[in-house]
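> build me a structure from this.
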Amino acid sequence: MEGLKRQRVFDLLKGNANHMIEQEVNVKGWVRTRRGNKNVHFIALNDGSIIHNIQVVVEVADFKNEELLKHITTGACISVNGKLVESKGQGQSLEIIAREIELYGGADPEKYPLQKKGHTLEFLREIAHLRPRTNTFGAIFRLRHALAFAIHKYFNDHGFFYLHTPIITGSDAEGAGAMFRVTTLDLDNIPRTEEGKVDFSEDFFGKETNLTVSGQLEGELGALALSNIYTFGPTFRAENSNTTRHLAEFWMIEPEMAFYDIKDNMDLAEDFLKYLIRYLLENCPDDLEFLQKMYDSELIERLRFVTSNTFERLSYTEAIEILMASKQSFEFPVSWGVDLQAEHERYLVEKHFRKPVILTDYPKEIKAFYMKLNEDGKTVRAMDVLFPKIGEIIGGSQREESYDKLFGKIKEMGIHEKDVWWYLETRKFGSAPHSGFGLGFERLMLFVTGMGNIRDVIPFPRTPQNAEF
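Numbering: from 1, shown residues only. Below you'll find the model as predicted:
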């Protein structure tokens, strides 16, 4: 075939391609469908750059290789040279009259699992290596890219520095204990100490190490030198949870800011979320409209709901009073000191305030050791941002900058000083007020796509008993 420069389907259908009409173009992609009769064939071709297909018209009488046409079936990959013309049919503005077609790779119609019919999301999870070729997952993964790009753009434009925090760590940032161990020890011949415990001094790092649950602690070190930083990377939780909201491997965005108090932290979180959602509404309308049509009829309205409302701010104590006074019956009883469940959070957002909510000042017993203690001695300067349909989407706090208070909390919670000595030292040498938050990327993806299962917003989900692909 002639060496024409390849055109993306996106550029032909959404770009200014009018100047190319009646000219020869080249497109490459995967066949979604082929239909027609003995005189003419219509091929729907998609290259992943846009949710829409471009129609390729093959006039059989003008086409020299009829045998080739038999192999152009759903799933096949082809390259097409032909004339770009205005379409005479409905459903597309432009189409290509094929002159030459090259078959890169065929797809046996008896075996290719993505034939033109409806497939359940459960089935598509079993073929995660092929599901990006569907309209649904093409849309989701394009949105995932756009959201990731918008995150970097927002922070770059606001003077933040991207800090790469370690994936392998010797500390447990959350004190949760649900961590994946990293080791090179021979599991059939584990070295032991005199007390019979595993001798991690013989391991690769000479100590016990795990996959990180958060980049926050190291992020704080960066903020106490560069002022404003953010991390954006994979994190891991070894929780044996098979819910629609949990993954063992997921991505987190964690900004940390020196000289920010809890109010500054809330302001940043609200502005950040609104920016990200506006970015998708402005830049990804076709994919959002497809997901709204197929999965969530209220999706775009819900996204606009977030961008057009000022987030309601109130204390945990005020929220408990509202929940206890409500006539709603909850599965989990409410009282001061309990950790709020998704049903409580969604009641506040969807029924009581009818807008996103930021809760602050949680009981210290249900929050992490690094959060700044309030003057009442009972609550900490924590904040959670609550969204419709999702519940908590951001968790953050003003961090404890006092060495004595932080050291006391570490002792109280049974954390070994030797594991966090470096974190404590930042409170000895030029400590400063600082704040930050964590945003689960896949939790936000659930919100912006309208999908119901977190396994459908990450390309290759890692869950209990599942590490395929």
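> so where do the helices sit in the stretch 101-250 of the chain?
121-126, 135-157, 216-226 (DSSP state H, counting those that start in this stretch).
> return the most buried member of those.
Sort the helices of the stretch 101-250 of the chain by mean neighbour count, taking mean count of other CB atoms under 10 Å, and helix 216-226 sits at the top with a mean of 21. Glycine gets a C-beta too; all of them are placed from N, C-alpha and C.
> give me the number of residues near residue 289?
Other residues within reach of residue 289, judged by other CB atoms under 10 Å, total 14.
> for it, what are its contacts?
Neighbour list for residue 289: residue 300 [criterion: CB atoms under 8 Å, 6 or more residues apart in numbering].
> for residue 79, same thing?
1, 6, 26, 27, 28, 101, 102, 104.
> repeat that with 7 Å
Contact analysis of residue 79 by CB atoms under 7 Å, 6 or more residues apart in numbering lists 1, 26, 28, 102, 104.
> same check on residue 317?
Residue 317 makes contact with 336, 361 under the criterion CB under 7 Å, 6+ apart.
> quick check: which element contains it?
Using DSSP states H and E, residue 317 maps to helix 316-325.
> could you point out which element follows that helix?
Going down the chain from helix 316-325, the next helix or strand is helix 342-346, by DSSP H and E.
> what does that following helix rub up against?
Helix 342-346 is contacted by residues 323, 330, 331, 332, 334, 386, 388, 391, 392 when judged by CB under 7 Å, 6+ apart.
> how does it look with 8 Å?
Contacts to helix 342-346, defined as CB under 8 Å, 6+ apart, come from residues 245, 319, 323, 330-332, 334, 357, 384, 386, 388-392.
> could you measure from residue 247 over to residue 103?
38 Å (CB to CB, to the nearest Å).
> looking at the two now, which is surrounded by more residues?
Taking neighbours as other CB under 10 Å, residue 247 and residue 103 compare with residue 247 leading, 22 against 15.
> give me phi/psi at the more buried one?
Here is the backbone geometry of residue 247 (degrees, to the nearest 10): phi -130, psi 150.
> quick one, what contacts it?
Counting by CB under 8 Å, 6+ apart, residue 247 touches 237, 442, 454, 455, 458, 461, 462, 463.
> out of these, the closest to residue 427 would be?
Within those, the smallest distance to residue 427 is 27.1 Å, found for residue 237 (CB to CB).
> quick one: residues contacting that closest one.
176, 178, 179, 213, 246, 247, 248, 250 are the contacts of residue 237 under CB under 8 Å, 6+ apart.
> one more time with 10 Å, if that's ok
174, 176, 178-180, 211-214, 246-250 (CB atoms under 10 Å, 6 or more residues apart in numbering).
> CA atoms only for stretch 187-201, dumped as PDB, please.
Extracted in PDB, the C-alpha atoms of stretch 187-201 (Å, rounded to 0.1, in the frame of the first residue of the first chain):
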ATOM      1  CA  LEU A 187       9.900 -19.500  51.600                       C
ATOM      2  CA  ASP A 188      10.900 -23.100  51.900                       C
ATOM      3  CA  ASN A 189      13.800 -22.300  54.100                       C
ATOM      4  CA  ILE A 190      13.000 -19.200  56.100                       C
ATOM      5  CA  PRO A 191      15.900 -17.900  58.300                       C
ATOM      6  CA  ARG A 192      14.900 -17.600  62.000                       C
ATOM      7  CA  THR A 193      16.200 -15.600  65.000                       C
ATOM      8  CA  GLU A 194      17.100 -17.300  68.300                       C
ATOM      9  CA  GLU A 195      13.500 -16.500  69.400                       C
ATOM     10  CA  GLY A 196      12.100 -18.400  66.400                       C
ATOM     11  CA  LYS A 197      10.900 -15.200  64.600                       C
ATOM     12  CA  VAL A 198      11.600 -14.500  60.900                       C
ATOM     13  CA  ASP A 199      15.100 -13.000  60.600                       C
ATOM     14  CA  PHE A 200      14.400 -10.100  58.300                       C
ATOM     15  CA  SER A 201      18.100  -9.000  58.600                       C
END
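> for the record, mean pLDDT for the helix or strand hosting residue 301?
Per DSSP H and E: residue 301 is located in helix 299-308. The average pLDDT within helix 299-308 is 96.
> how far off centre is it?
Here helix 299-308 is found 18 Å from its chain centre; the criterion is CA atoms, centre = their mean, to the nearest Å.
> show me what it is packed against.
helix 262-283, helix 285-294, strand 379-387, helix 441-449 (3 or more CB pairs under 10 Å, 6 or more residues apart in numbering; DSSP states H and E).
> repeat that for 6 Å
If contacts are counted by 3 or more CB pairs under 6 Å, 6 or more residues apart in numbering; DSSP states H and E, helix 299-308 sits against helix 262-283, helix 285-294.
> in it, what counts as buried?
For helix 299-308, burial by neighbour count (16 or more other CB atoms under 10 Å) applies to 299, 300, 302, 303, 305, 306.
> residue contacts, the last one?
Contact analysis of residue 306 by CB atoms under 6 Å, 6 or more residues apart in numbering lists 277, 356.
> so it versus residue 289, what's the distance?
From residue 306 to residue 289 the distance is 18 Å (CB to CB).
> and if you look at the fourth one?
As defined by CB to CB, residue 303 lies at a distance of 12 Å from residue 289.
> can I get the lowest-mean-pLDDT helix or strand in the chain in PDB, CA atoms only?
Sorting the helices and strands of the chain by mean pLDDT, DSSP states H and E puts helix 66-69 at the bottom, at a mean of 87. Presented in PDB, the C-alpha positions along helix 66-69 are these (Å, rounded to 0.1, in the frame of the first residue of the first chain):
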ATOM      1  CA  GLU A  66     -12.700 -10.200  -3.100                       C
ATOM      2  CA  GLU A  67     -11.000 -13.000  -1.200                       C
ATOM      3  CA  LEU A  68      -9.600 -10.500   1.300                       C
ATOM      4  CA  LEU A  69     -13.100  -9.300   2.100                       C
END
